[in-house]
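Asker: Using only what follows, build the 3D model:
(one chain, ligands or ions: 1)
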Amino acid sequence: MEKRDFRIKAVAIRKANKRIGEKHILKNVSFDIFMDEILALIGPNGAGKTTTIRCISGIYKIDSGDVEKNHNLRISVMSEKDFLWEGDSGYKNIERVYRYFEGKLSKEKINHYSEKLGLKEFLEKKVHTYSKGTKRKLSFLLALLPDPDLLILDEPMSGLDPISRINMREMIKELKKMGKSVLITSHDLAEVEKLADRFVLIKDGKILADDLIWDILSKYQTLEQLFIDMVKEGKS
Ligand SMILES: Nc1ncnc2c1ncn2[C@@H]1O[C@H](COP(=O)(O)OP(=O)(O)OP(=O)(O)O)[C@@H](O)[C@H]1O
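Answerer: Model (predicted):
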């Protein structure tokens, strides 16, 4: 008998194809993102992770296939590059985002998140004076503030020191407990093991694996080992 899955889907991607110019980047990509899960999208450089994210968030239109989103799903994206108003303070950046989403400025929420991220002391300062890691923290905060149902994080921890990573990891896990979905890309597979429930492995625009982390760790010693086997050796 066919096994039925009763989890609620935030997004269902079916046979998605995306070309940019002559290049066929995504090739029949299919996977689901469920509600209240942390899903890691992993793969080598140039595999198609950012392109997939752009197709889900609506920045790119797919050429064929389907990207079906749960009704009224609110998505926030933290890009792999920081798109910040460099000449403004952190607070001013926050104000701009709130205005854009027509949200109410909740000082409590800003204080809570910025304290957890170790960002509070920087918020009065101009963004161009921030370090790389501090800019990542502000980008993360800006993605959180609109209170999305699905938070997409493209390499959120690049440039973060170990303590900041732990803090961000805890915050992401908290979001899951609140019923949010998180899609994260990362090249740090040890971090993915600690954070994610499931992973999808993409190479050359094709999905090679879609599994629960604990399931894979009962077969492979580490996610890195699976990655090497599947990506380098081309096993499946
Ligand atoms: N605007 C574009 N024009 C042409 N090719 C592009 C464009 N954007 C992406 N590509 C190509 O599409 C492929 C997938 O790129 P993408 O950025 O999605 O990979 P990625 O998995 O996110 O890589 P990384 O881990 O290095 O960030 C790459 O070969 C890239 O060169």
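Asker: Touching, Phe31 and Ile207? I think so.
Answerer: Yes: if you go by CB atoms under 8 Å, Phe31 and Ile207 touch, sitting 6.1 Å apart. C-beta here means a position set from N, CA and C on the backbone, and glycine is covered the same way.
Asker: Now do the shared contacts for those two.
Answerer: Common contact partners of Phe31 and Ile207 (CB atoms under 8 Å, 6 or more residues apart in numbering): Val200.
Asker: neighbour count winner among the two?
Answerer: The residue with more neighbours, out of Phe31 and Ile207, is Ile207; 21 against 18, by other CB atoms under 10 Å.
Asker: what's the span of stretch 100-113, first residue to last?
Answerer: Criterion CA to CA, to the nearest Å; first-to-last residue distance in stretch 100-113 is 20 Å.
Asker: Provide the contact partners of the longest helix anywhere in the chain at residue level.
Answerer: The single longest helix within the chain, with elements called by DSSP state H, is helix 162-177. With contact meaning CB under 8 Å, 6+ apart, helix 162-177 is reached by 36-38, 113, 116-118, 133, 137, 140, 144, 151, 153, 156-157, 160, 182, 184, 191, 194-195, 197.
Asker: ok, now stretch 145-152?
Answerer: 10-11, 33, 35, 53, 56-57, 70, 73-78, 94, 97-98, 101, 103, 109-110, 113, 143-144, 172, 175, 180-184.
Asker: The same query, at a cut-off of 7 Å, please.
Answerer: Residues outside stretch 145-152 that contact it (CB atoms under 7 Å, 6 or more residues apart in numbering): 10-11, 33, 53, 56-57, 73-78, 94, 97-98, 101, 103, 109, 143, 175, 180-183.
Asker: Confirm Asp32 sits in a helix?
Answerer: No: Asp32: not assigned to a helix; according to DSSP: H, G, I helix; E, B strand; the rest coil it is strand.
Asker: Please report the distance of it from Ile13.
Answerer: Distance of Asp32 to Ile13, computed by CB to CB, to the nearest Å: 7 Å.
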